[in-house]
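# Pasting the sequence and the predicted model now:
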Amino acid sequence: MPPIELDERASEAALAIQATIPKPPKVAVVLGSGLGALANRLADRTIVPYAKIPHFPRPTVEGHEGNLVSGTVAGAPLLVFQGRFHYYEGYGLDEVTFPIRVMKRLGVRTLILTAATGGIDLSLPAGTIVCLKDHLNLIGSNPLRGPNDERVGKRFPDMTEVYSHRLRDLAFEEADKLGLNLASGVYACLPGPSYETPAEIRMLRILGADVVGMSTVPEAIVARHAGLDVLALALVTNAAAGVSGEIISHADVVEAGLKATPLIGALIEGVVQRLDAEDRQGTA
Ligand SMILES: O=P(O)(O)O[C@H]1O[C@H](CO)[C@@H](O)[C@H]1O
Ligand SMILES: Nc1nc2[nH]cnc2c(=O)[nH]1
């Protein structure tokens with residue numbers, strides 16, 4: 001889609017959201033598969049169904065509800081995207097990353113991405129939360145393909161530090177307070193929807209990937225292009241193909257997400273409260 005048209009659509013979507021949420025929070029979270037219940041932890045909730053937002057796609061995957069939820073965690077404002085869009089659903093990368101363009105319009109400055117993933121590294125069993133330090137974009141395209149919108153960002157955005165060092169440090173500090181052993185790793189993004197073969201997982205391990213999924217990376221690229229700071233937390237919901245010999249099912253992925261929601265929720269809340277405190281002190 002031409003960038004001007006895309007920007008107009010994002011602007012219309014943002015205006016519609018602002019009609020219900022006049023002062024949107026500056027920190028947003030995108031919830032991965034099975035992590036939707038995290039939105040229920042917010043106080044003072046205002047819910048805008050994606051269906052009510054112009055140009056917003058609809059999630060078609062189980063475990064992705066399709067609501068924008070604004071509220072607070074321990075007094076700190078937070079905007080939650082309860083459900084995301086994936087390339088394998090048939091959406092173009094413009095559509096997959098549309099919420100990121102909208103949140104930029106809404107004035108969001110910090111994006112926290114969450115995702116369900118398969119654990120490639122043998123030291124990352126199901127239930128581990130991994131703070132991403134980098135990624136491999138193996139989706140076969142790039143969400144910034146096409147004419148560049150110079151008003152949003154550069155033609156050739158730097159990707160040396162996609163996942164903010166500052167936010168990662170903050171996440172590790174908050175994890176320590178919770179007694180949570182937060183791991184660090186590289187996310188490989190494949191197009192899906194089939195899970196990987198054991199041979200593909202062996203290849204990904206050689207390439208340096210620690211976890212694998214079918215999302216997150218297009219969103220992170222668009223967010224960095226637009227100047228947002230990004231933190232990404234990947235939950236290992238299953239051993240990647242061939243690692244344990246167990247078959248992988250999306251129902252199990254969603255169940256593992258639900259089980260880990262209190263822990264990943266507590267971690268996100270700790271980070272959001274710290275960001276809010278920094279914001280109040282004018283240091284963010
Ligand atoms: O990345 P999220 O949306 O958490 O979902 C992950 O889980 C699904 C597969 O079970 C895929 O969509 C994969 O990307
Ligand atoms: N590609 C991929 N995505 C996932 N999402 C949750 N588990 C997996 C997995 O093993 N592979």
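The structure has been received and is ready for your questions. Ligands and ions are numbered 1, 2, ... in the order given.
# which non-adjacent residue is nearest Leu144?
His225 (5.7 Å; C-beta to C-beta, 6 or more residues apart in numbering). C-beta coordinates here come from the backbone N, C-alpha and C atoms, glycine included.
# Pull up the gap between Arg105 and Ile53, please.
12 Å (C-beta to C-beta, to the nearest Å).
# Same check on Ala241?
Taking C-beta to C-beta, one finds Ala241 at 36 Å from Ile53.
# ranges for the helices of the chain?
Remark: helices assigned in the chain by DSSP state H are 3-20, 93-96, 98-106, 165-178, 198-207, 217-225, 250-281.
# Output the third one in CSV with nothing but the alpha carbons.
The reference is to helix 98-106. The C-alpha coordinates for helix 98-106 follow below in CSV (Å, rounded to 0.1, in the frame of the first residue of the first chain):
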residue,chain,number,x,y,z
PHE,A,98,-0.9,-1.8,11.2
PRO,A,99,-1.3,-1.6,15.0
ILE,A,100,2.3,-0.4,15.3
ARG,A,101,1.6,2.5,12.9
VAL,A,102,-1.6,3.3,14.8
MET,A,103,0.2,3.3,18.2
LYS,A,104,2.8,5.6,16.9
ARG,A,105,0.0,8.0,15.9
LEU,A,106,-1.5,7.6,19.4
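# Residues in contact with it: which ones?
6-7, 9-11, 13-14, 17-18, 24, 28, 30, 53, 55-57, 79, 81, 84-85, 111, 152, 219, 222-223, 226-228 (C-beta atoms under 8 Å, 6 or more residues apart in numbering).
# mind listing what the residue of the stretch 51-200 of the chain at minimum distance from ligand 2 touches?
Closest residue of the stretch 51-200 of the chain to ligand 2, C-beta to the nearest ligand atom: Gly118 (2.2 Å). Residues in contact with Gly118 (C-beta under 8 Å, 6+ apart) are 195-196, 201, 211-213, 236-241, 243, 248.
# Give me the subset of these that also touch ligand 1.
Restricting the contacts of Gly118 to those near ligand 1 by C-beta under 6 Å from any ligand atom leaves Gly213.
# which of the contacts of Gly118 count as buried?
195-196, 201, 211-213, 236-241, 243 (16 or more other C-beta atoms under 10 Å).
# picking up where we left off before, the residue nearest to Leu144: what's it in contact with?
144, 152-154, 157.
# Then Val217?
135-137, 139, 187, 189.
# same question, Gly83
31, 36, 50, 59, 64-67.
# what does Pro49 give?
Contacts of Pro49 by C-beta under 8 Å, 6+ apart are 66-68.
# same check, this time on Thr114
29-32, 35, 38, 232-235, 264, 268.
# please redo it, this time with the cut-off set to 10 Å
29-35, 38, 81, 84, 129, 215-216, 231-235, 257, 260-261, 264-265, 267-268 (C-beta atoms under 10 Å, 6 or more residues apart in numbering).
# try Arg58
With C-beta under 10 Å, 6+ apart, Arg58 has these contacts: 49-51, 64, 66, 83, 85, 89, 91.
# from what I can see Ile174 touches Gly265, true?
Not Ile; residue 174 is Glu. No: using C-beta atoms under 10 Å, Glu174 is not in contact with Gly265; the gap is 11.9 Å.
# one step back: which one of the helices of the chain lies nearest to Leu122?
helix 198-207 (9.2 Å; C-beta to C-beta).
# by contact count, what packs against that closest one?
Under the contact criterion of 3 or more C-beta pairs under 10 Å, 6 or more residues apart in numbering; DSSP states H and E, helix 198-207 touches strand 110-119, strand 183-189, strand 211-213.
# interface residues of the chain facing ligand 2?
For the chain, the residues in contact with ligand 2 (C-beta under 6 Å from any ligand atom) are 116-118, 190, 192, 195-196, 212-214, 237-238, 240, 248, 253.
# Among these, pick out the one closest to Ala183, please.
Thr117 (11.2 Å).
# Tell me the bridge partners for the residue lying closest to that closest one once chain neighbours are set aside.
Closest residue to Thr117 apart from its sequence neighbours, by C-beta to C-beta, 6+ apart: Val211 at 3.9 Å. Bridge pairing for Val211 (DSSP bridges) gives the partners Gly119, Tyr187.
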